[in-house]
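# using only what follows, build the 3D model:
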Amino acid sequence: MKIAIFSYTMDRKAMGTALYTRELIKNILDLKNQDDEIFLIHRERNDDPLYKQVNEIFLPKINLPRFSYFLSEAIFLWKTRKDFEVIHYPQESIYPLFWLSKAKIVLTVHSAMEGWQKFSYLRRRWWLVYWTLKLFHKRISSIIAISNSTKKSIQRFFAVPDDKIHVIYQGVDQSFFKEIKKEEARKLMNSKYGLPVPYILNGSRIDPHKNVQRLIRAYAILKKRHNGTVPKLIIGAKHWPAENRAVENLINDLNLKTEIFSTPYIASEDMPQLYAGAEMFVFPSLHEGFGLPIIESMAAGTPVITSNVFSMPEISGNAAMLVDPYDVQSIASAMEKILNDPSCVSDLVSRGSLLARTFDWRKTAEETILVYSSL
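Numbering: from 1, shown residues only. The predicted structure is shown next:
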């Protein structure tokens, strides 16, 4: 097969869809048949070593104030329309241009449509995806959904046949994310990054759908119940300006400036220690297509609290405490349970460790290659 993958997603920081794209490509290269050819398509030269293992293609540069990316991709697809058997878009934010190519088109969808529709800051992206799938889904040969929740969401909005959507879970690098002694992890986090220890970890970017404000209110309740003697709370990096301001104002109003810290940049190689050093990982997101940090935390031996909506119950199985993300008291009570009940912690860690082993990037790549082959 001649397989082209739009890889510019992985040229960003290794989180979310960037991490998915890189891990998928890395494992596909390990598994591909000798006669298969992989082409990675992106916009700018990059020092990622994966590009040295494949046929690297740059999209043509178009210097226009607007629509340069759109025209660049259109020209590329037209010029190479007969060159590939399969073209894979590993992220759903795409222009509806793939009909210009004669290749079979594979699209990975990461998020539930309802979530994008609900939050105004995601709506521009939602409209692009919505109309692309609404008008052109018949030109897409296969859709990869990263959870059953995402698959059901796609089918609620679009008349996509069941056999065209393949549920393929994301993975965890089993050799990288593993249980680490908590004290060793905390020592590294404190000495290298200045994080206070002990700590409760959230780690989500400060976006509206990550539900950080309710988490902070729940933390304030927890602190009051324990007369102030609770671990510090580590929230994610600033991202969405309006939400950043709202979170800062809430922290000030609740007098928690010395209790809540924003995550500094953590090097990729230290992420397992960040998870392992936490008393618990609290992830009360309002919507997720998958929720990879849930599995990463479990692999690092940390108990998890997450939401009972969208994909999160599906991904966490019986290995996490599930809460109503809209109920602040529910979040606070779950955190209190973990702080006060060692047997609950032991049970969650044991279940989480077993569950995390079932999510593997190699398996993700194997199942994706089967999709390519079936086309």
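
# so which residues of the protein form helices?
Ranges of helices in the chain, per DSSP state H, are 17-31, 68-79, 113-118, 123-136, 148-157, 182-193, 212-225, 241-253, 271-276, 292-299, 312-316, 328-340, 342-356, 361-374.

# domain ranges for the protein?
Listed by automatic domain parsing, the domain ranges of the chain are 2-171+360-374, 182-356.

# would you turn those domains into a markdown table with mean pLDDT and mean neighbour count?
C-beta here means a position set from N, CA and C on the backbone, and glycine is covered the same way. Formatted as a markdown table, the domains of the chain follow (pLDDT from 0 to 100; neighbours: other CB atoms under 10 Å):
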| stretch | mean pLDDT | mean neighbour count |
| --- | --- | --- |
| domain 2-171+360-374 | 90 | 17 |
| domain 182-356 | 95 | 19 |
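
# before we move on, back to that, okay, the helices of the chain in a markdown table with distance to residue 102 next?
Shown next, in a markdown table, are the helices of the chain (distance: least, CB to CB, whole Å):
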| stretch | distance to residue 102 |
| --- | --- |
| helix 17-31 | 22 |
| helix 68-79 | 10 |
| helix 113-118 | 29 |
| helix 123-136 | 15 |
| helix 148-157 | 25 |
| helix 182-193 | 50 |
| helix 212-225 | 46 |
| helix 241-253 | 43 |
| helix 271-276 | 41 |
| helix 292-299 | 34 |
| helix 312-316 | 36 |
| helix 328-340 | 51 |
| helix 342-356 | 41 |
| helix 361-374 | 16 |
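
# out of those helices, which is closest to residue 45?
Residue 45 lies closest, by CB to CB, to one member of the helices of the chain: helix 68-79, at 15.1 Å.

# packing partners of that closest one?
Helix 68-79 sits against no helix or strand, with contacts defined as 3 or more CB pairs under 8 Å, 6 or more residues apart in numbering; DSSP states H and E.

# could I get it in CSV with only the CA atoms?
What follows is helix 68-79, C-alpha atoms only, in CSV (Å, rounded to 0.1, in the frame of the first residue of the first chain):
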residue,chain,number,x,y,z
SER,A,68,-3.4,29.9,2.2
TYR,A,69,-3.7,26.6,4.0
PHE,A,70,-6.9,25.8,2.2
LEU,A,71,-5.4,26.5,-1.3
SER,A,72,-2.2,24.7,-0.4
GLU,A,73,-4.0,21.5,0.5
ALA,A,74,-6.3,21.7,-2.5
ILE,A,75,-3.3,22.0,-4.9
PHE,A,76,-1.5,19.1,-3.2
LEU,A,77,-4.5,16.8,-3.3
TRP,A,78,-5.2,17.6,-7.0
LYS,A,79,-1.6,17.1,-8.0
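
# what's in contact with it?
With CB atoms under 8 Å, 6 or more residues apart in numbering as the test, helix 68-79 has contacts from 41, 43, 57, 59-62, 64, 95, 97-98, 100-101.

# residues contacting residue 27?
Going by CB under 8 Å, 6+ apart, residue 27 touches 361, 362, 364, 365, 366.

# measure the nearest residue to the first one once chain neighbours are set aside to residue 26 for me?
Meaning residue 361. Spatial nearest neighbour of residue 361, excluding adjacent residues (CB to CB, 6 or more residues apart in numbering): residue 171 at 3.5 Å. For residue 171, the distance to residue 26 (CB to CB, to the nearest Å) stands at 11 Å.

# you'd agree residue 211 is up against residue 284?
Yes. With contact defined as CB atoms under 8 Å, residue 211 and residue 284 form a contacting pair (4.8 Å).

# what do these two both touch?
Applying CB under 8 Å, 6+ apart, one finds that residue 211 and residue 284 are jointly contacted by 307, 325.

# so which of the helices of the chain is nearest residue 259?
The closest of the helices of the chain to residue 259 is helix 212-225. By CB to CB, the value is 6.7 Å.

# so what touches that closest one?
Here helix 212-225 makes contact (CB under 8 Å, 6+ apart) with 200, 202, 204, 206, 230, 233, 235-236, 243, 246-247, 250-251, 254, 256, 259-260, 282, 284, 325-326, 328-329, 331-332, 335-336, 339.
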